[in-house]
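Colleague: sequence first, predicted model second:
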Amino acid sequence: MSTNLGHDLSLWGRFNYRFFWSLLWIITKVWFRFTIVGRENLPAKGAYILAPVHRSYLDTPVGGMVTARRQRFLGKESLWRNWFLGGFLTIVGGFPVERGTADRAALRACQDVLERGEPLVMFPEGTRQWGAVVEADKMHDGPAFVATRAGVPIVPMGIAGTDHAMPPGAKWIKPVMAVMVVGEPIPAPVVEGRVPRRVITDLTEQVRQGIQAAYDEALRIKGQPPLEYPG
């Protein structure tokens with residue numbers, strides 16, 4: 001596996017991150033007029049996994065505005081072939097994972113990030129889904145497995161409005177209000193040695209319920225139903 005997690009931010013790196021994060025905050029605040037509920041549920045220190053609902057490609061940049069802390073996220077290694085884009089993604093917290101790499105290698109990279117004390121964004125639904133329901137059969141066990149191995153909490157988050165801002169086939173991002181609701185952290189179970197499958201399954205279901213509750217609240221505040229499957 002070819003993965004470069006980068007190093008701890010230097011003074012210059014922290015300046016660059018703060019500059020670009022602040023710039024993105026201003027752009028997203030003006031364009032999406034976003035509202036954040038439950039920001040206090042994010043741990044102020046230490047590692048955690050932020051687990052948002054996934055309804056749009058915009059969920060990563062918009063969801064990243066919930067905290068000024070640098071949160072790490074995976075990206076396709078091909079994105080780093082462009083030195084400017086790769087440098088920008090690294091500054092804002094991205095790290096490359098080789099496409100086609102075995103899941104266990106990607107999960108190991110995520111665990112390494114958490115063991116360094118850094119927050120990590122993982123979408124339990126994997127790819128974009130549709131509708132108001134977070135379906136159990138669409139959930140992936142990766143976040144629960146990594147959280148249990150690293151001993152860190154999972155923080156569920158609902159995001160409403162990003163799907164309307166960039167619906168399928170859209171060429172432009174519409175200025176639609178976004179709402180983010182951060183749920184209460186779900187602690188990882190304490191397990192010594194091999195992690196039982198049952199423990200991961202139970203934690204994944206807890207995360208699903210937490211995401212659903214946060215998403216329901218975000219949709220209620222937004223007052224607009226999510227897009228249904230466009231096909």
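Modeller: In hand now; what should we look at?

Colleague: buried sites along whichever helix or strand residue 17 is part of?
Modeller: In this structure, residue 17 sits in helix 11-32 according to DSSP states H and E. Buried residues in helix 11-32, counted by 16 or more other Cβ atoms under 10 Å: 16, 17, 21, 28, 31, 32. Yep, even glycine has a C-beta here, placed from its N, CA and C like the rest.

Colleague: turn those into TSV, columns for distance to residue 186 and pLDDT.
Modeller: Supplementary listing: the buried residues of helix 11-32 in TSV, determined by distance: Cβ to Cβ, whole Å; pLDDT from 0 to 100:
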residue	distance to residue 186	pLDDT
16	32	89
17	27	91
21	26	93
28	26	96
31	31	97
32	27	96
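
Colleague: would you list these in CSV and tack on distance to residue 158?
Modeller: Below are those laid out as CSV (distance: Cβ to Cβ, whole Å):
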residue, distance to residue 158
16, 30
17, 26
21, 22
28, 17
31, 20
32, 15
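
Colleague: name the nearest of those residues relative to residue 165.
Modeller: Proximity of the buried residues of helix 11-32 to residue 165 (Cβ to Cβ) peaks at residue 32, which lies at 6.6 Å.

Colleague: hang on, that closest one packs against residue 174?
Modeller: No - under the criterion of Cβ atoms under 8 Å, residue 32 makes no contact with residue 174, lying 9.5 Å away.

Colleague: find residues that contact each of the two.
Modeller: Where contact means Cβ atoms under 8 Å, 6 or more residues apart in numbering, the residues bridging residue 32 and residue 174 through contact with each are residue 165.

Colleague: right, and the helix or strand after the worst-scoring helix or strand of the chain on mean pLDDT?
Modeller: Comparing helices and strands within the chain by mean pLDDT, DSSP states H and E singles out strand 94-97 as the least confident, with a mean of 78. The C-terminal neighbour of strand 94-97 among helices and strands, as given by DSSP H and E, is helix 103-115.

Colleague: if we go by neighbour counts, what in that following helix is buried?
Modeller: Counting neighbours by 16+ other Cβ under 10 Å, one finds that the buried residues in helix 103-115 are 106, 107, 109, 110, 111, 112, 113, 114.

Colleague: now do the helix or strand following the helix holding residue 17, average pLDDT.
Modeller: As assigned by DSSP H and E, the chain's next helix or strand after helix 11-32 is strand 35-37. Taken as a whole, strand 35-37 carries a mean pLDDT of 98.

Colleague: what of stretch 156-171?
Modeller: So the average pLDDT for stretch 156-171 ends up being 94.

Colleague: residues in contact with the residue most central in space within the chain?
Modeller: In the chain, the C-alpha closest to the average C-alpha coordinate belongs to residue 121, at a distance of 3.2 Å (Cα atoms, centre = their mean). Contacts here follow Cβ under 8 Å, 6+ apart; on that basis residue 121 touches 49, 50, 52, 60, 63, 64, 71, 72, 73.
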